[in-house]
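Asks: Generate a structure from the sequence data that follows.
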Amino acid sequence: MRQLRNTVIRAGLQALYFSGAHYLMRPIFAGIGAIFMLHQVRPRRDGAFQPNRHLEVEPEFLHATLMHLRALDIDIVTMDEAHRRLAEGDFSRRFACFTFDDGYRDNRDFALPVMREFGAPLMVYVASDFAEGAGRLWWIALEMAIAKASSVEIPFDGVLTRFDTGTPPAKQATFGRLHDWLLGLPGEQDIQREVSALCARHGVDEAGIARDLCMSWDELKNFADDPLVTIGAHTVTHCNLAKQSEATASFEMQTSRTRIEEMLARPALHFAYPYGNRIAAGPREFALARACGFKTAVTTRPGMLFPESAGHLTALPRVSLNGNYQDARILPVLTSGAATAVWNGFRRIDAA
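Replies: The predicted structure is shown next:
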């Protein structure tokens, strides 16, 4: 199912490009700007089984994106500046922001040098437990466990079920099925229980993943000293806020901000919702972000920014730079707003 979805999306992007439809749609749907969403930036990995590849882009593709924006004479700005332009109605020039979720060390090692080449600012949203080395990146742990095993057993829908993971296609299919099943469990503790049990059975050091991949507080302090870098909040535990009680969701949001401000001695005024889609962030979460004092909060809902976005500053859409579609030809499609317009049924705002 995941492979089919990727194929359909790729075909749609190519159709928009080769038909030239994105040129016709640009004046209507490009809007006033865009917030680009990334996670990891690092060189291409070898191996046929990379189910989280959509969360990784290569430095060369990031470079190509920045080159494309410069060619369009689009301003690359901080989230503070984006907030100002939206709040003040300053739409004289189109702009773009670059945002990175989770706080991966490769943001410092591979993304920042590219951004420096262009003098382009970047916003990194940090889950505070990841910075403390105590967080659980369960989607990566799941990949690592399946990569090591020729088969896995999971109490799938109440029945202990064996899944073949002997070949890369079988691993990919199993990952997709288990990933979707885990996301459908009632709470974060249920996901953690199942993934921890799987890691224990297959010798994966789940506890060490955050320390291996994410910047520590000390690293973040040095990283944040760069004038191009702004740090934002991304909850404490990277939980699905919509599945939490209102009190817990508020605690996750406010505490992540407080920890960042205490550890880095600088304000954290911008927020990103973990997962960030319609089932993870909705009107209640948007209101909680406002109540916590965040100037902006970003979702993973696809979309460009329009003047009307000023009325939804804690429900801002983003444009994903997806590792599955690292083709410079799609960049004009993305910046035209054509792809997100089609995805959204030609609605300009999706904040309900």
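Asks: Tell me which stretches of the stretch 201-350 of the chain form strands.
Replies: For the stretch 201-350 of the chain, applying DSSP state E, counting those that start in this stretch gives strands covering 229-233, 270-272, 296-302, 316-320.
Asks: Show me what the second one is packed against.
Replies: Translated: strand 270-272. If you count contacts as 3 or more C-beta pairs under 8 Å, 6 or more residues apart in numbering; DSSP states H and E, strand 270-272 packs onto helix 79-88, strand 122-126, strand 229-233, strand 296-302. Using the backbone N, CA and C atoms, a C-beta is placed for each residue, glycine as well.
Asks: Over to the first one?
Replies: If you count contacts as 3+ C-beta pairs under 8 Å, 6+ apart, strand 229-233 packs onto helix 79-88, strand 122-126, helix 217-224, helix 246-264, strand 270-272.
Asks: nearest to residue 29, of these?
Replies: Among the helices and strands packed on strand 229-233, helix 79-88 comes nearest to residue 29, with 17.7 Å by C-beta to C-beta.
Asks: just the angle between the helix or strand following the closest one and helix 79-88, please?
Replies: Sequence-wise, the next helix or strand downstream of helix 79-88 (DSSP states H and E) is strand 95-102. Calculated by axes from the mean of the first three to the mean of the last three C-alpha atoms, to 10 degrees, strand 95-102 forms an angle of 130 degrees with helix 79-88.
Asks: Strand 95-102 pairs with which strands?
Replies: Strand pairing for strand 95-102, determined by DSSP bridges: strand 33-38 (parallel), strand 75-76 (parallel), strand 122-126 (parallel).
Asks: which one of those strands has the most crowded surroundings?
Replies: Most buried of those, by mean neighbour count (mean count of other C-beta atoms under 10 Å): strand 122-126, with a mean of 26.
Asks: what's in contact with that strand?
Replies: Contacts with strand 122-126, where a contact means C-beta atoms under 8 Å, 6 or more residues apart in numbering, come from 78-79, 97-103, 107, 111-112, 115, 215, 220, 223, 228-234, 256, 260, 270-272, 298.
Asks: which of those residues count as buried?
Replies: 78-79, 97-103, 107, 111-112, 115, 215, 220, 223, 228-234, 256, 260, 270-272, 298 (16 or more other C-beta atoms under 10 Å).
Asks: Just put the helices and strands packed on strand 270-272 in TSV and tack on distance to residue 6.
Replies: Formatted as TSV, the helices and strands packed on strand 270-272 follow (distance: least, C-beta to C-beta, whole Å):
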stretch	distance to residue 6
helix 79-88	29
strand 122-126	25
strand 229-233	29
strand 296-302	15
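Asks: who wins for proximity to residue 18 among the ones you listed?
Replies: Closest approach to residue 18 among those is made by strand 296-302 (20.9 Å; C-beta to C-beta).
Asks: Next, the angle from the closest one to strand 33-38.
Replies: Using the same axes, to 10 degrees: strand 296-302 against strand 33-38 is 80 degrees.
Asks: if we can go back for a sec, and the helices and strands packed on strand 229-233, which is most packed in?
Replies: Of all these, strand 270-272 has the most neighbours on average by mean count of other C-beta under 10 Å, namely a mean of 28.
Asks: That one - what's its average pLDDT?
Replies: Averaging pLDDT along strand 270-272 yields 98.
Asks: Quick one: residues in contact with that strand.
Replies: With C-beta under 8 Å, 6+ apart as the test, strand 270-272 has contacts from 79-80, 83, 99, 101, 123, 125, 230, 232-234, 253, 257, 289, 292, 294-298, 314.
Asks: swap the cut-off to 7 Å and go again
Replies: Under the contact criterion C-beta atoms under 7 Å, 6 or more residues apart in numbering, strand 270-272 has outside partners 79, 99, 101, 123, 125, 232-234, 253, 289, 294-298.
Asks: Pull the most distant pair out of those residues.
Replies: Across the contacts of strand 270-272, no pair lies farther apart than 101 and 295, at 17.6 Å, counting by C-beta to C-beta.
Asks: residue contacts, residue 57?
Replies: When the contact criterion is C-beta under 7 Å, 6+ apart, the partners of residue 57 are 38, 41, 321, 323, 326.
Asks: switch to 10 Å and redo it
Replies: By C-beta atoms under 10 Å, 6 or more residues apart in numbering, the contact set of residue 57 is 38-42, 44, 64-65, 110-111, 320-326.
Asks: And for residue 228?
Replies: 76, 78, 98, 112, 115, 116, 118, 119, 120, 121, 122, 123.
Asks: Surely the fifth one is within a helix?
Replies: It stands for residue 115. Yes. Counting by DSSP: H, G, I helix; E, B strand; the rest coil, residue 115 is part of a helix.
Asks: Please report how far it lies from residue 320.
Replies: Noted for residue 115: a distance of 18 Å to residue 320, by C-beta to C-beta, to the nearest Å.
Asks: just the third one next, same as before
Replies: Relative to residue 320, residue 98 is positioned 12 Å away (C-beta to C-beta).
Asks: cool, the second one as well?
Replies: Going from residue 78 to residue 320 by C-beta to C-beta gives 20 Å.
Asks: Same question for the last one.
Replies: When C-beta to C-beta is the yardstick, residue 123 and residue 320 sit 15 Å from each other.
Asks: before we move on, what about residue 35?
Replies: The separation that residue 35 has from residue 320, given C-beta to C-beta, amounts to 10 Å.
Asks: What of residue 337?
Replies: 14 Å.
Asks: So if I had to pick from these two, which one is more boxed in?
Replies: residue 337 (25 against 19; other C-beta atoms under 10 Å).
Asks: number of nearby residues for the closest residue to that one other than its chain neighbours?
Replies: Leaving aside its sequence neighbours, residue 337 sits nearest to residue 29 (C-beta to C-beta, 6 or more residues apart in numbering; 3.3 Å). By the criterion of other C-beta under 10 Å, residue 29 has 21 neighbours.
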